[in-house]
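K.L.:
No sequence on hand, only this structure:
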């Protein structure tokens with residue numbers, strides 16, 4: 001069914017096409033392009049889901065800074081409209097988290113849908129002492145989430161997460 005693999009430079013157009021289709025515009029595609037070219041986003045992990053030769057999903061994880069913890073930010077996650085609600089996004093998340101855990105990443109953060117990401121192990125980050133790069137309005141504060149990939153990190157590190165320069169714009173921190 002779906003083959004998920006690390007995206008290469010040759011896959012850039014495919015990843016951007018998925019972003020455009022999923023979000024109906026250029027904003028997320030431009031963010032992906034900028035993050036992939038941003039040295040402060042490294043190390044990063046970009047995965048594409050394929051159905052045969054058709055790219056159907058994309059996920060990007062970029063480096064973040066938080067004290068002495070190794071952290072990443074998941075943004076964006078995209079699945080083309082005709083293939084949504086088929087488990088592709090969840091498979092991308094699981095494979096990405098597994099790969100990041102193997103690389104020694106401690107924490108993964110996301111600003112996203114408060115009903116979707118908790119199904120994949122994320123929990124509200126603000127309640128645990130983690131602050132987004134820009135303030136998240138109280139009414140959607142639980143959209144700022146975290147998942148620990150290593151035991152013992154949550155409760156021992158707190159503070160403001162610092163993202164890659166390409167993502168350090170207030171407009172990216174609105175849910």
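P.N.:
Looks like it arrived, so ask away. Treat the numbers as computed from the prediction; the structure is a model and nothing was measured.

K.L.:
Helix or strand next in line after the helix ranked longest in the chain, which one?
P.N.:
For the chain, the helix with the greatest residue count under DSSP state H is helix 88-102. Sequence order places strand 107-111 as the next helix or strand after helix 88-102, per DSSP states H and E.

K.L.:
report the angle between the axes of the longest strand belonging to the chain and helix 88-102?
P.N.:
If you go by DSSP state E, the chain has its longest strand at strand 54-66. Strand 54-66 runs at 40 degrees relative to helix 88-102, counting by axes from the mean of the first three to the mean of the last three CA atoms, to 10 degrees.

K.L.:
For strand 54-66, list every residue counted as buried.
P.N.:
55-64, 66 (16 or more other CB atoms under 10 Å). Just so you know, the C-beta spots here come from the backbone N, C-alpha and C atoms, and that holds for glycine as well.

K.L.:
remind me which residues of the chain are low pLDDT?
P.N.:
1, 175 (pLDDT under 70).

K.L.:
so where do the strands sit in it?
P.N.:
Taking DSSP E as the criterion, the chain carries its strands at 3-6, 45-51, 54-66, 69-79, 107-111, 123-124, 130-131, 144-148, 159-160.

K.L.:
Export those to CSV and append columns for distance to residue 96.
P.N.:
Formatted as CSV, the strands of the chain follow (distance: least, CB to CB, whole Å):
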stretch, distance to residue 96
strand 3-6, 9
strand 45-51, 6
strand 54-66, 5
strand 69-79, 7
strand 107-111, 8
strand 123-124, 17
strand 130-131, 19
strand 144-148, 11
strand 159-160, 23
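
K.L.:
between the ones you listed, which gets nearest to residue 24?
P.N.:
Distance to residue 24, taken as CB to CB, is lowest for strand 69-79 among those, at 10.6 Å.

K.L.:
So in that sheet, which strands flank the closest one, and in what orientation?
P.N.:
strand 54-66 (antiparallel), strand 107-111 (parallel) (DSSP bridges).

K.L.:
Show me the residue sitting in the middle of this structure in space.
P.N.:
Central residue of the chain (CA atoms, centre = their mean): residue 74, 1.2 Å from the mean position.
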